[in-house]
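Visitor: Can you look at this prediction? I've put the sequence above it.
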Amino acid sequence: MRLLVLLPLLALAACGPNDLAYPVRGVYHGPAVMQGTVSISHETVPGLMEAMRMDFAVGDTAGLGALHRGDKIAFRLVVPGGDGAPYVEGFSRLPDSTALDTAAAALHTHDAAPHGSAAPPHADTPAAAPADSSAAPAKPF
């Protein structure tokens, strides 16, 4: 029981002093088009954003290799306090019976990964390139 209480605290300790970390749940759709990113339909993140499908830059890849398309997942969304791009890490698979509220995700699609100027601080994958604003929006899978 103590370990379950300590794990989230240890995870937050990995963030920088000005970073904000949000626990999030969603559905994993697999790697995204940009290298080093994943596509996830996530629930509403209170105080930050509505439920939507997004491509996220990946920080620490621990737990990512065990996921399959369509898995229900829990992860941490880290919003750096400086100029860095948001990224996700701390992936774990949820039981199939987990009820998620991602209905609004079908209505909203957003590509968060290309907007940062630097790779996440813990990334072992390259940073995403800036998006071409003249390009057509990506179609969902």
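Guide: Noted; the coordinates are in hand.
Visitor: So which residues of the protein form helices?
Guide: Taking DSSP state H as the criterion, the chain contains helices spanning 2-13.
Visitor: quick one, longest strand in it?
Guide: Using DSSP state E to define each element, the chain has its longest strand at strand 20-31.
Visitor: Given it, what are its sheet partners and their directions?
Guide: Its sheet considered, strand 20-31 pairs with strand 37-42 (antiparallel), strand 72-79 (antiparallel) by DSSP bridges.
Visitor: Just name the most buried of those strands.
Guide: The highest average neighbour count among the strands paired with strand 20-31, using mean count of other Cβ atoms under 10 Å, belongs to strand 37-42 at a mean of 24. From N, CA and C alone the C-beta is placed, and that goes for glycine too.
Visitor: average pLDDT across that strand?
Guide: The average pLDDT within strand 37-42 is 96.
Visitor: Show me where the protein dips below the pLDDT cut-off.
Guide: For the chain, applying pLDDT under 70 flags the ranges 1-16, 104-141.
Visitor: where along it do the strands fall?
Guide: According to DSSP E, the strands that the chain contains are 20-31, 37-42, 52-58, 72-79, 87-93, 109-111.
Visitor: would you list the ones you listed in a markdown table and tack on distance to Leu64?
Guide: Formatted as a markdown table, those follow (distance: least, Cβ to Cβ, whole Å):
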| stretch | distance to Leu64 |
| --- | --- |
| strand 20-31 | 9 |
| strand 37-42 | 7 |
| strand 52-58 | 7 |
| strand 72-79 | 9 |
| strand 87-93 | 5 |
| strand 109-111 | 19 |
